[in-house]
Every structure is written in structure tokens, then in C-alpha cells.
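Chemist: Predicted model and sequence below, questions to follow.
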Amino acid sequence: MSDAPRVLMLVAQFWPIVGGAENQARRLAAELVRQGASAEVWTGHWDASWPREAVLDGVRVRRIGPSWPRAVPRLRRWLFMAALWRALTREARRFDVIHVHQVLYPAFLAALAGWRRGVPCLARISSTGSTSDLRMAARGGLGIQRAVTRRLLTRIVAVNARAEAECLDAGYRRDQVVRIPNGVAVGPPPARTEREVVTILYLGGLRAEKRVEDIIEAWRVAGRPGRLRVAGDGPHRQRLEALAAGSVEFLGDVKDPSPLLRDADVFVLASDAEGMSNALLEAMAAGCACIATFVGGNVDLLGPEQAAEPSAGTYLRGSAGLIVSPGDGALAVLFVIGFYALFAGVTYIAIGLRLRGLNKTLQSASSTTASTAS
């Protein structure tokens with residue numbers, strides 16, 4: 001084994017598809033390369049226009065399996081699994097560790113192939129609650145598949161306290177579970193100036209669990225203060241645009257959200273399920289005042305930790321943001337009372353101090369991946 005670990009990252013979907021697991025895989029692979037490791041990403045070849053092999057951020061990306069038949073997604077997923085299994089059994093020994101993003105069917109194949117070839121394998125939980133990796137695996141997989149994954153994984157990475165509890169409840173051993181939050185690179189705190197019009201931003205997928213309709217409705221009830229911008233795409237976009245009736249800016253997918261975040265005063269996340277939101281981390285790093293729901297890593301990030309869920313119509317004021325219950329009208333209350341004033345001065349400092357610690361998590365995650373290989 002060389003001094004520089006050779007890391008294989010598996011993620012079912014990858015760039016140019018943009019999402020939480022995809023972004024974390026890209027960042028972590030690039031950070032590993034920056035630290036001198038060798039990292040390679042394997043993913044599905046879901047679109048025939050994508051090259052089979054590419055280099056992104058200095059990382060080799062290999063797309064596996066057929067891009068057909070598009071009309072039969074379940075068959076295409078099985079064909080991807082077969083191609084992934086063949087590749088793993090042939091090439092797993094080229095790597096010192098296999099790192100899987102999401103504890104779904106690729107994690108099962110990777111754990112089994114790693115065990116057969118003597119290569120340690122770790123998998124990272126990407127979501128908790130109603131969209132939990134473990135819950136989805138239980139709903140769609142076989143009991144033997146879950147048992148094998150649980151038995152053979154070297155480590156399972158929990159991104160928040162809820163994920164750690166879900167792993168233990170699912171039967172993973174305490175020594176298997178390691179808690180590492182997601183991370184983003186943090187620069188100097190951006191300068192913030194008072195503006196005549198407050199900009200409220202949502203950044204993320206337009207799917208059911210994101211509850212973007214709650215943000216739009218709360219903003220409407222509050223009298224549409226400032227301007228509301230929605231960046232992202234998904235199956236609910238048409239319905240949300242109809243609900244907004246032209247009063248909200250829908251920006252679609254955004255490859256680089258940095259300019260939007262710098263221009264935003266308030267970031268709002270109304271999800272009823274999260275792992276540890278990349279968008280929330282990025283909003284904190286950009287100095288936005290943040291409002292989020294009492295789910296997953298939102299509580300870990302905004303605090304106060306170990307707090308009870310706020311009752312209907314109320315909110316918690318954490319050390320780095322405000323927290324409401326999913327689906328609660330308290331979002332509208334926060335808009336009405338002039339939420340931006342609550343975050344003036346000292347709160348921006350608190351966000352900056354909190355992020356000094358969060359800035360280390362990307363390096364921590366990459367170090368854990370590397371140490372698993374040794």
C-alpha cells in the first residue's frame with residue numbers, strides 16, 4: 001500500500017446532476033486530491049451525451065452501465081448494478097478504500113465486493129427522516145441485502161445526530177458508526193450592508209419533502225415582504241409557479257449559487273427531511289440570516305443543540321439561526337416581525353465563529369476516508 005491512499009468513490013448520480021450527495025462527493029474527492037491522495041469517482045451513465053470518462057477538479061470520473069432503456073428506469077437500474085458489480089469484482093484491489101455516498105444498493109454491492117477482495121468500505125448517510133437512506137433501503141430492498149450491508153461495511157458515516165441514532169436503531173454496531181458533518185470551504189465573512197429591499201432565497205430541489213409551498217404561502221400571508229427567489233428545479237416546479245402566480249422569481253438550476261447567496265439577506269429551508277443541507281451550509285458561509293425547520297442536520301447547524309421541537313406558532317432562536325417545525329405557520333410570523341432585524345450585528349459574528357469549526361469538517365471527512373484505508 002502506498003503512502004497516499006487510493007480512494008474509490010461510488011455515487012449513483014454525479015455531475016452534471018446537481019444535488020446534496022453529488023455535491024458532497026465532488027467536494028470530498030477534490031479535497032482528497034488536494035491533500036495528495038488518489039481519488040476516482042464511479043457513477044451511472046444515465047445520459048448517452050455524457051462521456052464515459054472525464055476529469056473534473058483533478059478527479060477521474062468513470063460512468064458505468066448503459067444509458068438505455070430510458071423508458072424503463074427499473075431495468076436500467078438493474079443493468080447499472082450488474083455493470084457496477086463486474087467492475088468492482090475486477091478492479092476493487094486497485095484501491096485502498098471504497099467510499100459510497102448514500103447507503104442504498106451501491107453500498108450493498110461495494111460492501112460485498114470489498115469483503116471479497118479485502119478492501120475496507122465505508123458508506124455515508126445522505127438523509128434522515130422521511131427520506132432516510134436506511135428507510136428507503138428497508139422499503140425497496142431485501143432483508144438479506146440490508147443484513148449483508150450492515151455486517152460487511154467497515155464504517156458508516158452519520159452526518160448528524162439523527163442519522164447516528166438511525167444507524168444504531170437499524171442494528172449497526174457502535175464501533176461502525178462515526179459522526180462527521182458535511183463541510184464547505186469558508187472564506188472571510190462577506191460585508192453586509194443595509195438594503196431597501198430584503199431578498200429571501202430558497203436554494204434546492206423542488207420536490208415534495210422540500211415543502212417549498214410552505215415558504216411561498218408564508219411569504220404571501222406575511223404580505224410579500226421584499227422579494228422571494230427560488231433557485232432549483234424538480235417535479236414540483238410547475239405547481240409551485242402556479243401557486244406563486246408570478247410573484248416569485250423562479251431561477252431554475254444554478255451551477256454556481258455563490259452570487260445568489262451573496263445577494264440574499266435571508267435563506268429559508270422548510271424541508272420535512274434533511275441530512276445536512278449543503279445549501280444551508282453555503283448560506284451560513286455567505287453570511288445569510290437563516291431560518292430552517294427542526295429536522296436532521298438543521299438543528300446541529302443552527303442550534304441550540306439538544307433542544308425540544310418548537311410548538312406550533314413558535315420558533316427557537318439558536319446560536320446561528322431560527323428554527324421552526326415543518327409545516328408550521330411560524331414561518332409567516334417570522335416574515336411579519338421583520339426577521340432580518342433579529343440577525344443584525346452580533347448574530348453575523350456568531351455565524352462566523354460557528355463556521356470556523358464547520359470549515360474543518362471537509363478536511364475531517366477526507367481524513368476519515370484516508371484513515372479507513374490504513
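Modeler: All right, it came through fine. Residues are numbered from 1 along each chain as shown.

Chemist: any weak-confidence spans in the stretch 201-350 of the chain?
Modeler: Counting by pLDDT under 70, the ranges of the stretch 201-350 of the chain that qualify are 304-306, 333, 335-350.

Chemist: Strands along that one, start to end?
Modeler: 227-231, 249-252, 266-269, 289-293, 316-317, 322-324 (DSSP state E, counting those that start in this stretch).

Chemist: List the pairing partners of the third one within its sheet, with orientation.
Modeler: Read it as strand 266-269. Applying DSSP bridges to the sheet, strand 266-269 is found paired with strand 199-203 (parallel), strand 289-293 (parallel).

Chemist: Can you pull out the residues in contact with the strand or helix carrying residue 156?
Modeler: Assigned by DSSP states H and E, residue 156 falls within strand 155-158. Strand 155-158 has contacts (C-beta atoms under 8 Å, 6 or more residues apart in numbering) with 103, 120, 122-125, 164, 166-167, 172, 176-180, 365, 368, 372. Using the backbone N, CA and C atoms, a C-beta is placed for each residue, glycine as well.

Chemist: Select only the buried ones of the residues you listed in ChimeraX?
Modeler: Entered in ChimeraX, the line below selects the buried ones among these, by 16 or more other C-beta atoms under 10 Å:
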select :103,120,122,123,124,125,164,166,167,172,176,177,178,180,365,368,372
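
Chemist: wait, what's in contact with the spatially closest residue to residue 274 that is not a sequence neighbour?
Modeler: Excluding the flanking residues, the one nearest residue 274 by C-beta to C-beta, 6 or more residues apart in numbering is residue 296, at 3.6 Å. For residue 296, the contact set (C-beta under 8 Å, 6+ apart) comprises 127-129, 159-160, 162-163, 271, 273-277.

Chemist: and the helix or strand where residue 123 lies, average pLDDT?
Modeler: Element membership of residue 123, judged by DSSP H and E, is strand 121-124. Here strand 121-124 scores 96 as its mean pLDDT.

Chemist: Neighbouring strands - and their directions - for that strand?
Modeler: In the sheet, strand 121-124 lines up with strand 97-101 (parallel), strand 155-158 (parallel) (DSSP bridges).

Chemist: what comes up buried for stretch 186-202?
Modeler: Residues of stretch 186-202 classed as buried: 186, 192, 198-202 (neighbour count, 16+ other C-beta under 10 Å).

Chemist: swap in stretch 11-19?
Modeler: Using 16+ other C-beta under 10 Å as the test for burial, stretch 11-19 gives 11-15, 17-19.

Chemist: Show me which pair in these is furthest apart.
Modeler: Greatest spatial distance among the buried residues of stretch 11-19 (C-beta to C-beta): 12 and 18, at 14.0 Å.

Chemist: if you go through the stretch 201-350 of the chain in chain order, where are the helices?
Modeler: Shown for the stretch 201-350 of the chain, the helices assigned by DSSP state H, counting those that start in this stretch span residues 212-221, 237-244, 258-263, 278-285, 296-302, 330-336, 339-342, 346-358.

Chemist: Please compute how far the first one lies from its chain's middle.
Modeler: For helix 212-221, the distance from its own C-alpha centre to the chain's C-alpha centre is 23 Å (C-alpha atoms, centre = their mean, to the nearest Å).

Chemist: Check which helices and strands that helix sits against.
Modeler: In terms of contacts (3 or more C-beta pairs under 8 Å, 6 or more residues apart in numbering; DSSP states H and E), helix 212-221 is packed against strand 199-203, strand 227-231, helix 237-244, helix 330-336.

Chemist: mind running it again at 7 Å?
Modeler: When contacts are defined as 3 or more C-beta pairs under 7 Å, 6 or more residues apart in numbering; DSSP states H and E, helix 212-221 packs onto strand 199-203, helix 237-244, helix 330-336.

Chemist: Dump the ones you listed to a markdown table, plus distance to residue 89.
Modeler: Below are the helices and strands packed on helix 212-221 laid out as a markdown table (distance: least, C-beta to C-beta, whole Å):
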| stretch | distance to residue 89 |
| --- | --- |
| strand 199-203 | 40 |
| helix 237-244 | 41 |
| helix 330-336 | 50 |
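
Chemist: hey, C-alpha coordinates of the longest helix along the chain in CSV?
Modeler: Assignment by DSSP state H gives helix 73-91 as the longest helix of the chain. What follows is helix 73-91, C-alpha atoms only, in CSV (Å, rounded to 0.1, in the frame of the first residue of the first chain):
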residue,chain,number,x,y,z
PRO,A,73,-35.8,3.1,-15.2
ARG,A,74,-36.0,0.0,-13.1
LEU,A,75,-34.4,-2.2,-15.8
ARG,A,76,-31.8,0.5,-16.3
ARG,A,77,-31.0,0.5,-12.6
TRP,A,78,-30.6,-3.3,-12.6
LEU,A,79,-28.2,-3.1,-15.6
PHE,A,80,-26.2,-0.4,-13.8
MET,A,81,-26.0,-2.7,-10.7
ALA,A,82,-24.7,-5.6,-12.9
ALA,A,83,-22.1,-3.4,-14.6
LEU,A,84,-21.0,-1.9,-11.2
TRP,A,85,-20.7,-5.4,-9.7
ARG,A,86,-18.5,-6.6,-12.6
ALA,A,87,-16.3,-3.5,-12.3
LEU,A,88,-15.9,-3.9,-8.6
THR,A,89,-15.0,-7.5,-8.6
ARG,A,90,-12.4,-6.9,-11.3
GLU,A,91,-10.9,-3.7,-10.0
